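Colleague: 3D, please:
(one chain, ligands or ions: 1)
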Amino acid sequence: MKLANRVDQVKPSVTLAISAKAKAMKAEGIDVCSFSAGEPDFDTPAHIKAAAQKALDEGKTKYGPAAGEPKLREVIAHKLKRDLNLDYKSENVIVTNGGKHSLFNLMMALIEPGDEVIIPAPYWVSYPEMVTIAGGTPVIVTTDASTGYKITAEQLRQSITPKTKLFVLNSPSNPTGMVYSPGEIEALAKVIVEADILVVSDEIYEKLLYDGAKHISIGSLGTEIFSRTIISNGFAKGYSMTGWRLGYLAGPVDLIKATSNIQSHSTSNVCTFAQYGAIAALEGSQDCVEEMRQAFAKRREVMFARINSIPGLSCEKPDGAFYLFPSISETGLKSLEFCSKLLEEYQVASIPGTAFGADNNIRFSYATDMTTIEKGMDRLEKFVRLAV
Ligand code: PLP
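Modeller: Now for the predicted structure:
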């Protein structure tokens, strides 16, 4: 069959093979310690589930407005003011089927052939692929441990060309867990305003911060940067709602209208009763978020200490998300080989850095219980001691 050209340009996920293998091993009854998941291991908080159940019982089971339930759009706009000091109204917000869908809608509405999109590496797997699907050109800017895997203002400035349309900022980051400091965000904002480009700020891990780190939303740093900023966020990570498929974009009204138009011809509205769960998530007590954050914080300490005690591995201490991204360069192995062997020989699942544009690293998620962390780290230690 002759498929569309755009399909040829999209790479299959390198992580799929390893995840499928880990699942197959588990299904065979093999005791796999899995650190590959990008999702919290907690159930969705009870009051959020109850709100969705109530909506279901009340018959909120019909089509709704493409851009989202008016009440949820209003609550999101309020949250953006309350948490981040951003001045948005409901009309600046669209509810989407997850953070991934937010970004996809954005690329479809904004990017066309000839446009360049600057993406710092290590990056979340889907950014370059989405740009490619939209017909644009991803411009990958490599960062390393010397800057905490963060792009500097100078690197950004040097990567901008007359074709640059958008810069993708993700803090806290997947896969590195790194958080940009207020000074770093400010310096990036200056470059963006000077060059008059747009920035999408993917803030999906905003609530998962450690050691006193603060999340600063780039758009809050003044009117000039605000008008060039689009916020992408979702409920998956902070509220443990990965399967609910709920996210949102906030930005200039013309852009939000365009994404709503695209959404109206692709997915229509997001599941109506699920949106009532999202309202409860934002309006209800935030204690559940804090409880999960504290659990992640403890696991992070244990995993970070264990990984750094293994000769051959070295890891920066990230301030956010739920990932560690150690360098494996001293082992002499490339990331896919490292992860395949670790899984096949020691039954430990991780994600090769090559999926994120960083072949000298691997990603471990600590969104799993402490017993698995202890057992998995014992196995990792044995593997690296023998491999190096
Ligand atoms: N952005 C980043 C950086 C992510 O890590 C993820 C999920 O892994 C997403 C966006 C998308 O999240 P979701 O579509 O589940 O809301």
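Colleague: rest of the way, CA atoms for contacts and neighbours
Modeller: OK.
Colleague: Who are the contact partners of the closest residue to the ligand within the stretch 251-388 of the chain?
Modeller: Residue of the stretch 251-388 of the chain nearest the ligand, by Cα to the nearest ligand atom: Ala321 (8.7 Å). Going by Cα atoms under 8 Å, 6 or more residues apart in numbering, Ala321 touches Pro172, Ser173, Asn174, Gly177, Met178, Tyr205, Glu206, Leu208, Leu209.
Colleague: Which ones among these also lie next to the ligand?
Modeller: Asn174 (Cα under 6 Å from any ligand atom).
Colleague: can you tell me which two in the contacts of Ala321 are farthest apart?
Modeller: Largest separation among the contacts of Ala321 by Cα to Cα: Asn174 and Leu209, giving 12.9 Å.
Colleague: what element comes up after the longest helix along the chain heading to the C-terminus?
Modeller: Identified as the longest helix of the chain according to DSSP state H is helix 287-308. Where DSSP states H and E defines the elements, the next helix or strand beyond helix 287-308 is strand 323-324.
Colleague: Tell me the buried residues in the helix or strand following that next one?
Modeller: Once the chain leaves strand 323-324, the next helix or strand it forms, by DSSP H and E, is helix 335-346. Neighbour counts over helix 335-346 (16 or more other Cα atoms under 10 Å) mark Ser335, Leu336, Phe338, Cys339, Ser340, Lys341, Leu342, Leu343, Tyr346 as buried.
Colleague: hmm, who's touching helix 335-346?
Modeller: Residues contacting helix 335-346 (Cα under 8 Å, 6+ apart): 18, 22, 32, 328, 348-354, 359-362, 379-380, 383.
Colleague: For PyMOL, write the select line for the buried members of those residues.
Modeller: Remark: buried members of the contacts of helix 335-346, expressed as a PyMOL selection using 16+ other Cα under 10 Å:
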select buried, resi 18+22+32+328+348+349+350+351+352+353+354+359+360+361+362+379+380+383
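Colleague: Tell me which of the contacts of helix 335-346 fall in strands.
Modeller: Val348, Ala349, Ile351, Pro352, Ile362 (DSSP state E).
Colleague: Dump those residues to CSV, plus pLDDT and distance to the ligand.
Modeller: Formatted as CSV, the ones in strands among the contacts of helix 335-346 follow (pLDDT from 0 to 100; distance: Cα to the nearest ligand atom, whole Å):
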residue, pLDDT, distance to the ligand
Val348, 97, 20
Ala349, 96, 17
Ile351, 95, 13
Pro352, 95, 15
Ile362, 97, 15
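Colleague: list the helices and strands the strand or helix carrying Lys257 packs on?
Modeller: Using DSSP H and E, Lys257 falls within helix 253-264. Contact partners of helix 253-264 among helices and strands, from 3 or more Cα pairs under 8 Å, 6 or more residues apart in numbering; DSSP states H and E: strand 93-96, helix 99-110.
Colleague: ok so, going back, with respect to Ala274, which of the ones in strands among the contacts of helix 335-346 is nearest?
Modeller: Nearest to Ala274 among the ones in strands among the contacts of helix 335-346: Ile351, at 30.4 Å, using Cα to Cα.
Colleague: wait, that closest one sits on Ile362?
Modeller: Yes. Using Cα atoms under 8 Å, Ile351 is in contact with Ile362, at 5.8 Å.
Colleague: contacting residues around the longest helix of the chain?
Modeller: 42, 45, 207-210, 238-239, 313-315, 317, 322, 324, 326, 366-367, 369-370, 373-374, 377, 381.
Colleague: Show me which positions of it end up buried.
Modeller: Buried-residue list, helix 287-308, by 16+ other Cα under 10 Å: 288-290, 292-293, 296-297, 299-300, 303-304, 306-307.
Colleague: as a whole number, average confidence for it?
Modeller: The pLDDT scores in helix 287-308 average 97.
Colleague: Export only the CA atoms of that helix, formatted as PDB.
Modeller: Provided in PDB are the C-alpha atoms of helix 287-308 (Å, rounded to 0.1, in the frame of the first residue of the first chain):
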ATOM      1  CA  ASP A 287      -3.000  17.500  49.800                       C
ATOM      2  CA  CYS A 288      -3.100  14.500  47.500                       C
ATOM      3  CA  VAL A 289      -0.500  16.100  45.200                       C
ATOM      4  CA  GLU A 290       1.700  16.800  48.200                       C
ATOM      5  CA  GLU A 291       1.400  13.300  49.500                       C
ATOM      6  CA  MET A 292       2.500  11.800  46.200                       C
ATOM      7  CA  ARG A 293       5.300  14.400  45.900                       C
ATOM      8  CA  GLN A 294       6.600  13.400  49.300                       C
ATOM      9  CA  ALA A 295       6.600   9.700  48.400                       C
ATOM     10  CA  PHE A 296       8.500  10.500  45.100                       C
ATOM     11  CA  ALA A 297      11.000  12.600  47.100                       C
ATOM     12  CA  LYS A 298      11.900   9.700  49.400                       C
ATOM     13  CA  ARG A 299      12.300   7.300  46.400                       C
ATOM     14  CA  ARG A 300      14.400   9.900  44.600                       C
ATOM     15  CA  GLU A 301      16.900  10.000  47.500                       C
ATOM     16  CA  VAL A 302      17.200   6.300  47.700                       C
ATOM     17  CA  MET A 303      17.600   5.700  43.900                       C
ATOM     18  CA  PHE A 304      19.900   8.700  43.500                       C
ATOM     19  CA  ALA A 305      22.300   7.400  46.200                       C
ATOM     20  CA  ARG A 306      22.200   3.900  44.900                       C
ATOM     21  CA  ILE A 307      23.000   4.900  41.300                       C
ATOM     22  CA  ASN A 308      25.800   7.200  42.200                       C
END
